[in-house]
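> I need the structure of the sequence given here:
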Amino acid sequence: MHSLDSPHFLLRPPSADDFTIYRQFFSDGEASHFYGGPLREDQAWRTLAGHLGHWQLRGYGMWMIVPKEGGAPLGGCGLVWPEGWPRRELTWWLLPEARGNGVAVEASQAAIRHAYDSYGWPMVETHMDDANIAAQKLVLKLGGEQIAREDFPDGKMRSVYRLPHPGNTS
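Take a look at the predicted model:
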């Protein structure tokens with residue numbers, strides 16, 4: 001497990017100390033709606049444990065987004081492939097107070113760049129719930145291009161977006 005740098009944030013793997021942030025985010029039903037919330041405290045703990053385990057099982061995973069000037073994590077961003085899911089994807093979640101000021105864009109660009117440059121992935125994608133308008137706007141800011149519509153194992157139809165390398169203009 002390793003960390004990533006972006007201009008304003010350190011993206012580091014989660015630890016047990018991050019449970020407070022997980023509990024805060026996942027107990028907020030509005031904030032965590034598209035991530036399975038609201039969750040009870042024990043369910044939020046299992047989500048954190050799953051994110052930690054993902055690193056062990058897949059060799060990549062979620063990072064915590066920590067401001068370089070100090071303070072608590074603002075959310076998570078990372079590359080995941082849960083068992084049963086069709087492919088790996090970029091995903092993110094932010095505390096409500098961290099939204100709307102470029103945090104997700106900067107963290108996502110760092111994760112995408114790492115997937116292409118360090119992991120050598122031929123494509124980075126994300127899978128979008130049609131009702132998640134804020135995430136759709138983020139994907140467009142990242143230069144995402146819809147490449148498919150698919151049924152997912154949870155019974156939902158989602159759009160699949162290809163995300164370009166942040167350094168490429170094409």
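> just checking, residue 74 touches residue 93?
No: between residue 74 and residue 93 there is no contact under CB atoms under 8 Å: 9.8 Å. Every C-beta, even on glycine, is put in place using the N, C-alpha and C of the backbone.
> can you tell me how far residue 150 sits from residue 86?
Going from residue 150 to residue 86 by CB to CB, to the nearest Å gives 7 Å.
> Mind giving me the packing neighbours of the longest helix seen in the chain?
Looking across the chain with DSSP state H, the single longest helix is helix 41-58. Applying 3 or more CB pairs under 8 Å, 6 or more residues apart in numbering; DSSP states H and E, one finds that helix 41-58 contacts helix 19-27, strand 75-80.
> okay, those, which one's buried deepest?
strand 75-80 (a mean of 24; mean count of other CB atoms under 10 Å).
> So which residues make contact with the next helix or strand after that one?
Sequence order places strand 89-94 as the next helix or strand after strand 75-80, per DSSP states H and E. For strand 89-94, contacts defined as CB atoms under 8 Å, 6 or more residues apart in numbering pick out 25, 32, 35, 62, 65, 74-81, 103-104, 107-108, 111-112, 115, 124-127, 138, 163.
> Quick one: buried ones out of those?
Listed as buried from the contacts of strand 89-94 are 25, 32, 35, 62, 65, 74-80, 103-104, 107-108, 111-112, 115, 124-127, 138, 163; burial here means 16 or more other CB atoms under 10 Å.
> so where's this protein shaky on pLDDT?
Flagging of the chain using pLDDT under 70 yields the residue ranges 168-170.
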